[in-house]
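J.: Got a sequence here, can you model it:
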Amino acid sequence: MKMLKKYPNRRIYDCDESRYITLADVKEMVLGYVPFQVVQSKTGKDVTRATLLQIIAELEDDGHESLLTNRLLEEHIRFYGDHMAHVMGPIIERELVGFLKHHDAIRAQYVAGLKGAASQGLFDRSPDLSALFAGLQPDSKNSSS
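T.: Model prediction:
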């Protein structure tokens, strides 16, 4: 697991590569499925979740559509301190993983259908469809297990 240290000046240091990195670099680690942990430089406290939340906030500030609606965030806040709070995280994670597996299965069926159409030459006269098909190829890093 890659170890990152976050300094009070908000700089992030990659201990494995002995260099400072940006939040964009951390986002690329997430997208590349690179396991990492972010700790405060002085205390060693794990601040990975805070860093991930910061990435989400920056994505939304950059105009990306929010996946976390106000209502969802409000309900999360209400669960803090609730006697059932300890079960919510695992439930939400399990449901999201199930959704992703279902999504991957549907995408694989869709791509298989397109491959069948491509093998019959249905895209030969349409470069736009060929480009679309190429963009739908499943990413080997994105497979859920």
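J.: From now on I want contacts and neighbour counts done on CA atoms only, so please keep to that.
T.: OK.
J.: all helices of the chain, in order?
T.: Remark: helices assigned in the chain by DSSP state H are 23-31, 48-61, 70-79, 85-119, 127-135.
J.: ok, and for the fourth one, which residues are buried?
T.: So that's helix 85-119. Residues of helix 85-119 classed as buried: 104, 111, 114-115 (neighbour count, 16 or more other Cα atoms under 10 Å).
J.: With distance to I21 and pLDDT as extra columns, can I get those in CSV?
T.: Formatted as CSV, those follow (distance: Cα to Cα, whole Å; pLDDT from 0 to 100):
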residue, distance to I21, pLDDT
D104, 32, 87
V111, 36, 81
L114, 40, 77
K115, 40, 78
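J.: Just give me the closest of those residues to V38.
T.: For the buried residues of helix 85-119, the minimum distance to V38 (Cα to Cα) is 29.2 Å, reached by D104.
J.: The closest one and I92: what is the separation?
T.: 18 Å (Cα to Cα, to the nearest Å).
J.: and if you look at K45?
T.: 25 Å.
J.: before we move on, what about Y80?
T.: 14 Å.
J.: swap in Y7?
T.: In terms of Cα to Cα, Y7 sits 31 Å off from I92.
J.: And I56, by the same measure?
T.: For I56 relative to I92 (Cα to Cα), the value is 17 Å.
J.: cool, and S41?
T.: The spacing between S41 and I92, counted by Cα to Cα, is 31 Å.
J.: how does this structure divide into domains?
T.: Annotated domains of the chain cover 1-67, 74-138 [automatic domain parsing].
J.: Mean pLDDT lowest where, among those domains?
T.: Note on these: lowest mean pLDDT is at domain 74-138, with a mean of 80.
J.: Tell me the bridge partners for Q37.
T.: Following DSSP bridges, Q37 is listed with bridge partners M3.
J.: residues contacting V47?
T.: Contacts here follow Cα atoms under 8 Å, 6 or more residues apart in numbering; on that basis V47 touches 37-40.
J.: Only whichever of those are buried, select them in PyMOL.
T.: With 16+ other Cα under 10 Å as the criterion, this PyMOL line picks the buried residues out of these:
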select buried, resi 38+39+40
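J.: Among the contacts of V47, which one lies nearest to I12?
T.: Distances from I12 to the contacts of V47, taken by Cα to Cα, are shortest for V38, at 8.4 Å.
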